[in-house]
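[1] Give me a model of this one.
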Amino acid sequence: MPDHVHALIEPLKGYELSKVLHSIKSFTANEINRELGRTGPLWQPESFDRIVRDREDYLKKWEYIRTNPVKDGLCERPEEWAWLFEDLVVKQCSLEGCPPTWVPNVLVHDVEKWANWILERARERIAHLYPPGKDGRPVVGYLWARTAPCSNPSCRAEIPLLRSLLVCNKKDKKVALTMEVDKERKTVRFGIAEGKAIKRTEGTKRERGPAICPFCEQPTSEAELRRAGQAGQMGERMVAAIVEGKGGKQYRPVEESDLAAFREAAKIEVERPGELILPEINAEDADDVANSTGIRVHLYGMKTWGSLFNPRQLVAMQTFVTCLHEALEAMKQESWGAAFQAADCAGKMPAPQLDEEYRKAVGVYLGLWVSRNAMRMTSVGRWDMGRETFQTPFDAQAIPMKWDYPEANPFTGATGGFENQLEWILHYLRHESVPLVPTEVLQGDGAHLRLNHGTRRCHNN
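    From the prediction side, this is the model:
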């Protein structure tokens, strides 16, 4: 209004109404006086406020403010008054008992909100497949070794294929698997040794060489391992559990509860993707062509995308995908967004959640989040013993065969868990949301480039 202002506001938690009004009056007085070229007091010392007591009172005051210019003859309709601002989304949120939340970045807020929505529903369904051990410590993940039959006809025992017995190789921390071999029964029991208690670190699988049977000590060649894989004779076994400790990750032997949980997961019916990894090579009607992709797992019988996951990993991934689709449907049920971006134009920014394209954008980032986790929830992933982290399958642009691999608990906060990977997605969104200074590119002879005032030419002597 020409000589006064009406505002319907709700102070944020921790802010007093008197201090909010003082800040508004102080700032606007300085700006108006500067614009008018005057000095001195602008606002009256006191202000008049009324408490909104209920829905009817809220609507009454809202309508009084918007029609005040019309009643004073300043315009014919409230919409014609240039100094009227009303956010109907905020109004609806408040009336429904869901006042808006002001956040630094709406997209970051919504991606995090729905990712946690997915996490909680997945946790309800499959968290029991990753039980703690007897000591009660949460499981971060498991270490697995592939197995293949010994090629010695008089042995034919199951060889656990391990590149190394070391599982942690840091300057101040070394941990390794131990192998208790029973040659008579042809069984191996794995244990854990630390520091000076480690007696052996060499694994059973030589790099680019044969596997050495721990029972008859005879080699099984790479070619024989490939034949075993293609014949469906290659298996896998859990060799250790990674758990949370006071000073970081720790390791323990496999317990019956670990094996029971995996057996339970293996009984759950899920779709195993049957698409060929290399259709040009593995299809039945494909010609015998060279493979220049760097993908080698098909040589060991792993020809479909589904073969790159163990049963529990498939259950986990398909559970998260299902929850993602449920989240996309749940987004449609929200009639408005409850988060608004706090910026210089706070209050003037409409709720983007009302837009279908925005919901699709949130869904894309959630899909990328699930996809990023899929790279670490596979049986061709890598365990970085120097950093104690779950790594992707990719060595450069290749997917070589992995003889041993880690399986992450998706609900752990460690690298490889869904919570950790969410932080990477949110970090990216925050970074890309910051306005950047445009870059100027100059092309030409280096000796004659245009230089702005204040720059210095440097010469080599």
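[2] And the strands in this protein?
    Applying DSSP state E to the chain gives strands spanning 101-103, 139-149, 158-161, 166-170, 173-182, 187-194, 211-212, 219-220, 235-245, 248-252, 339-341, 382-384, 389-391, 404-408.
[3] what about M1, how many residues close to it?
    13 (other CB atoms under 10 Å). C-beta here means a position set from N, CA and C on the backbone, and glycine is covered the same way.
[4] Relative to L422, how far out is the residue lying closest to it once chain neighbours are set aside?
    The spatially closest residue to M1, leaving aside those adjacent along the chain, is N68, at 6.4 Å (CB to CB, 6 or more residues apart in numbering). Per CB to CB, to the nearest Å, N68 is found 47 Å from L422.
[5] go on, A115?
    As judged by CB to CB, A115 and L422 stand 5 Å apart.
[6] Name the residues contacting each of those two.
    Listed as contacting both A115 and L422 by CB atoms under 8 Å, 6 or more residues apart in numbering are W369.
[7] that older thread, relative to L84, how far out is the residue nearest to M1?
    From N68 to L84 the distance is 9 Å (CB to CB).
[8] now do P149
    On the measure of CB to CB, P149 and L84 end up 81 Å apart.
[9] which of those two has more neighbours?
    P149 (19 against 16).
[10] wait, isn't the more buried one in contact with P160?
    No. P149 is not in contact with P160 according to CB atoms under 8 Å; the separation is 11.7 Å.
[11] low pLDDT regions in the stretch 51-200 of the chain?
    Applying pLDDT under 70 to the stretch 51-200 of the chain flags residues 87-102.
[12] Helices of that one, start to end?
    Secondary structure of the stretch 51-200 of the chain (DSSP state H, counting those that start in this stretch): helices at 55-71, 88-95, 106-126.
[13] The stretch 351-461 of the chain too?
    Going by DSSP H, counting those that start in this stretch, the stretch 351-461 of the chain shows helices at 356-374, 418-433.
[14] Nearest to D110 among these would be which one?
    helix 356-374 (5.2 Å; CB to CB).
[15] circling back to that earlier point, more neighbours, N68 and L422?
    Neighbours per residue (other CB under 10 Å) separate N68 from L422, with L422 holding more: 21 against 16.
[16] Tell me which residues touch the more buried one, please.
    Contact analysis of L422 by CB under 8 Å, 6+ apart lists E112, A115, L119, W369.
[17] Looking at those, spot the one nearest K186.
    L119 (42.9 Å).
[18] so how many other residues sit close to the closest residue to that closest one other than its chain neighbours?
    For L119, ignoring the flanking residues on the chain, the nearest one in space by CB to CB, 6+ apart is F418 at 5.9 Å. Counted with other CB under 10 Å, the neighbours of F418 add up to 26.
[19] For F418, report the pLDDT, please.
    As predicted, F418 sits at a pLDDT of 85.
[20] where does the stretch 351-461 of the chain dip in pLDDT?
    351-354, 395-396, 415-416, 435-439, 442-461.
[21] go with 50
    Regions of the stretch 351-461 of the chain meeting the criterion pLDDT under 50 cover residues 351, 353, 459-461.
[22] Touching, L276 and M302? I think so.
    No. Taking contacts as CB under 8 Å, L276 lies outside contact range of M302: 10.8 Å.
[23] what about the two, which has more around it?
    M302 (22 against 15).
[24] now the more buried one: how far from Q318?
    Noted for M302: a distance of 19 Å to Q318, by CB to CB.
[25] go on, V370?
    Look at V370 and Q318: by CB to CB, they are 11 Å apart.
[26] Ignoring the adjacent residues along the chain, who's closest to G195?
    If the residues on either side of it in the chain are set aside, G195 comes closest to K174, at 5.9 Å by CB to CB, 6+ apart.
[27] The one you found: what's it in contact with?
    Applying CB under 8 Å, 6+ apart, one finds that K174 lies in contact with L166, C168, E194, G195, I198.
[28] same check, this time on L366
    Neighbour list for L366: V111, W114, A115, I118, L324, A327, L328 [criterion: CB under 8 Å, 6+ apart].
[29] what's the answer for A211, then?
    Contact partners of A211, counting by CB under 8 Å, 6+ apart, are A148, I159, L161, T204, K205, P219, T220, L225.
[30] mind redoing it with 6 Å?
    Applying CB atoms under 6 Å, 6 or more residues apart in numbering, we find A211 in contact with I159, L161, T204, K205, T220.
[31] do I399 as well
    I399 makes contact with I295, V297, P393 under the criterion CB under 6 Å, 6+ apart.
[32] which one of the residues you listed sits closest to Y142?
    Of those, the one sitting nearest to Y142 (CB to CB) turns out to be P393, at 16.8 Å.
[33] Please determine how far the nearest residue to the closest one once chain neighbours are set aside is located from A374.
    Distance criterion CB to CB, 6+ apart; nearest residue to P393, sequence neighbours excluded, is V380 at 4.2 Å. Relative to A374, V380 is positioned 12 Å away (CB to CB).
[34] Likewise for E158?
    On the measure of CB to CB, E158 and A374 end up 29 Å apart.
[35] do the same with I118
    Taking CB to CB, one finds I118 at 14 Å from A374.
[36] Kindly report the same for E329.
    E329 sits 22 Å away from A374, going by CB to CB.
[37] what about the two, which has more around it?
    A374 (18 against 8).
[38] ok, now which ones touch that one?
    Residues in contact with A374 (CB under 6 Å, 6+ apart) are M317.
[39] distance of it from M234?
    Applying CB to CB, the value for A374 to M234 is 22 Å.
[40] tally of neighbours for the closest residue to L42 other than its chain neighbours?
    Nearest residue to L42, sequence neighbours excluded (CB to CB, 6+ apart): A29, at 4.1 Å. A29 sits with 14 neighbouring residues when counted by other CB under 10 Å.
[41] Model confidence score at A29, please.
    For A29, the pLDDT comes out at 87.
[42] let's have the chain start at 46 instead
    All set: I'll call the first residue 46, so the last point we hit is now A74.
[43] hang on, it packs against P86?
    No. Shown here, A74 and P86 do not form a contact pair, counting by CB atoms under 6 Å, at 7.5 Å.
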